[in-house]
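Enquirer: need coordinates for the below:
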Amino acid sequence: MKRCITRQVIIDLTQSIGVFFPEFLKERKNAQEALVKSLSICFPVKDSEDEKMYFILRKKDVRSVGSSMETVNKLLEKYPILIWVGNKPSTFKKEAKRYMPTKVYEDILKDFHQRSNDPLRVYYKDEGAKHGVYAILANAPARKPAEEPDYQCVAKVDTEGLIRYAMCQEFEDDFDLIQRIGVNRVIAVAKEKKGMLDQNYFRGISGRLFSRGVESVQNMPREVRKAAFKGCWDVDFINCHYVIAAHFTSDMAIGEYAHAPDLIRMMIAKDLEITIKEAKTALLMVLYGAGLSGRKGSSLSNLLGQDKAERFLAHNRVKCIIKGIEVLKQELLEDEWIFDDQDITMAQNLANFLQAREGNILDTCIELVQPEALFFDGFICREEPDIEMLEQAVFEEHGIVIKMKKEII
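Expert: Presented below is the predicted three-dimensional model:
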């Protein structure tokens with residue numbers, strides 16, 4: 001079997017884009033394909049500093065499907081389906097740009113769902129070939145990837161359940177647009193592939209496993225998983241990053257929050273009159289350095305409002321945790337777990353360290369169960385997992401006392 005150096009499943013949105021932008025159908029075929037491909041290869045990422053979701057387009061991914069960032073960005077200026085909001089900092093350096101979608105992207109996908117004659121396509125390029133091939137997916141020959149995934153599986157999703165869920169969310173103003181688009185992209189692929197979605201995971205520079213492309217379910221929020229994986233088991237690593245942090249520091253405030261997160265979140269939420277979910281998110285932002293300012297326009301202020309953001313930072317418990325994070329960084333530097341790298345911030349340095357250990361914990365679980373889908377701090381599987389066995393295995397291999405919870409979806 002031949003090997004290919006790239007293979008991307010593409011949702012051919014050409015005709016659906018033309019419904020909203022008629023001039024698009026007059027573009028050259030190469031231009032049409034460039035925009036359609038870019039909308040399928042962009043992937044959602046939550047920024048560890050501001051906790052916001054963005055779509056990311058990487059230069060090497062765009063080149064791998066036979067186009068260029070310059071061409072794609074010119075097309076996006078004419079057809080504002082994605083809006084450029086800056087280069088992606090730290091992890092992807094200057095090799096990637098981040099975008100916010102407009103509502104029309106969701107509408108384009110919904111139009112595609114109604115079309116029975118628009119099949120999925122695939123772009124692939126064989127090793128040694130001068131040009132790539134853009135073909136209907138069902139007609140494309142089998143190929144081996146030149147780069148083997150670090151982990152791969154097939155996620156069987158409930159397509160009809162996802163469709164019902166997406167219809168209900170049309171009336172929910174607080175459901176994130178990127179998440180709605182993600183659901184609609186999965187639906188578009190699942191309808192043709194009878195719910196069998198290939199999940200290919202590759203290890204990023206931080207040690208995390210990432211799955212990209214229109215088949216990926218990795219960034220599904222928990223409520224969407226319930227629609228997609230009914231009857232499966234959802235396993236979550238409880239307060240994972242703070243538990244890892246507590247393992248590497250002697251600071252008491254970090255240790256207390258790591259092992260009694262519900263109590264501390266509830267105390268902070270009650271004192272500040274915010275939700276427990278907001279308290280949890282704000283404390284994660286603090287860990288990654290984005291929650292250290294309450295000024296207007298800051299990430300923390302956008303989450304809580306300026307007054308509550310300032311009160312949050314002045315809260316005694318939060319002040320102790322912030323101080324503890326600085327102790328953690330210093331101890332990691334002294335023990336040479338991390339190094340003072342001028343190319344990235346210390347906050348990103350810490351994030352990479354914690355994410356690498358999180359990835360190690362997930363690796364241990366993968367060896368003992370057969371996950372159907374991986375998330376950054378947990379996984380989904382068909383058979384009921386033995387949580388105590390997994391927790392013991394993580395402790396024996398990494399020395400970290402991580403607690404997990406499981407629930408049937």
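
Enquirer: got a list of contacts for the lowest-mean-pLDDT helix or strand in the chain?
Expert: Confidence across the helices and strands of the chain bottoms out at strand 144-145, with a mean of 74, counting by mean pLDDT, DSSP states H and E. Contacts with strand 144-145, where a contact means Cβ atoms under 8 Å, 6 or more residues apart in numbering, come from 1-4, 7, 200. (C-beta placed from N, C-alpha, C; glycine too.)

Enquirer: check those residues and tell me the two furthest apart.
Expert: Pairwise distances among the contacts of strand 144-145 were taken by Cβ to Cβ; the largest, 17.8 Å, belongs to Lys2 and Asn200.

Enquirer: more neighbours, the two?
Expert: Asn200 (20 against 12; other Cβ atoms under 10 Å).

Enquirer: which residues touch the nearest residue to that one once chain neighbours are set aside?
Expert: Counting by Cβ to Cβ, 6 or more residues apart in numbering, Pro149 is the residue found nearest to Asn200 once chain neighbours are left out, at 4.1 Å. Pro149 is in contact with 200-202, counting by Cβ under 8 Å, 6+ apart.

Enquirer: so where's this protein shaky on pLDDT?
Expert: For the chain, the stretches flagged by pLDDT under 70 are 1, 48-51, 88-94, 116, 146, 170-175, 291, 342.

Enquirer: what's the first helix or strand after the top helix by length along it?
Expert: The longest helix of the chain (DSSP state H) is helix 346-368. Reading on from helix 346-368 to the C-terminus, the next helix or strand found by DSSP states H and E is strand 371-375.

Enquirer: report how many residues lie close to Asn316.
Expert: 10.

Enquirer: do the same with Glu273
Expert: Counted with other Cβ under 10 Å, the neighbours of Glu273 add up to 8.

Enquirer: which non-adjacent residue is nearest it?
Expert: Glu273's closest residue in space is Lys308 (Cβ to Cβ, 6+ apart), at 7.4 Å.

Enquirer: what's in contact with stretch 203-213?
Expert: Under the criterion Cβ under 8 Å, 6+ apart, residues 8-9, 40-41, 43, 61, 91, 150-151, 199-202, 217-218, 351-352, 355-360, 362, 374, 376 lie in contact with stretch 203-213.

Enquirer: revised request: answer the last question for stretch 357-375.
Expert: With Cβ under 8 Å, 6+ apart as the test, stretch 357-375 has contacts from 151, 153-156, 199, 201, 203, 206-209, 211, 217-218, 220, 229, 232, 235, 237, 240-241, 244, 376-377, 379-383, 385, 389-390, 393-394, 397-398, 400, 402.

Enquirer: now, these that are in helices?
Expert: Filtering the contacts of stretch 357-375 for helices - DSSP H - leaves 240-241, 244, 389-390, 393-394, 397-398.

Enquirer: buried subset of those as a ChimeraX selection?
Expert: Here is the ChimeraX command that selects the buried residues among those (16 or more other Cβ atoms under 10 Å):
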select :240,241,244,390,393,394,398
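
Enquirer: tell me the two of the ones in helices among the contacts of stretch 357-375 that are most distant?
Expert: Greatest spacing in the ones in helices among the contacts of stretch 357-375, by Cβ to Cβ: His241 and Met389 (23.0 Å).

Enquirer: ok, back up a step: in strands only, show me the contacts of Pro149.
Expert: 200-202 (DSSP state E).

Enquirer: gap between the nearest residue to Gln152 once chain neighbours are set aside and Lys329?
Expert: Nearest residue to Gln152, sequence neighbours excluded (Cβ to Cβ, 6+ apart): Asn200, at 4.9 Å. As judged by Cβ to Cβ, to the nearest Å, Asn200 and Lys329 stand 34 Å apart.

Enquirer: if we can go back for a sec, format the ones in helices among the contacts of stretch 357-375 as TSV; extra columns: distance to Glu106.
Expert: Formatted as TSV, the ones in helices among the contacts of stretch 357-375 follow (distance: Cβ to Cβ, whole Å):
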residue	distance to Glu106
Cys240	31
His241	31
Ile244	36
Met389	42
Leu390	37
Ala393	41
Val394	39
Glu397	43
His398	41
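
Enquirer: closest one to Ala96 out of the ones in helices among the contacts of stretch 357-375, please.
Expert: Looking across the ones in helices among the contacts of stretch 357-375 and measuring by Cβ to Cβ, the closest to Ala96 is His241, at 23.2 Å.
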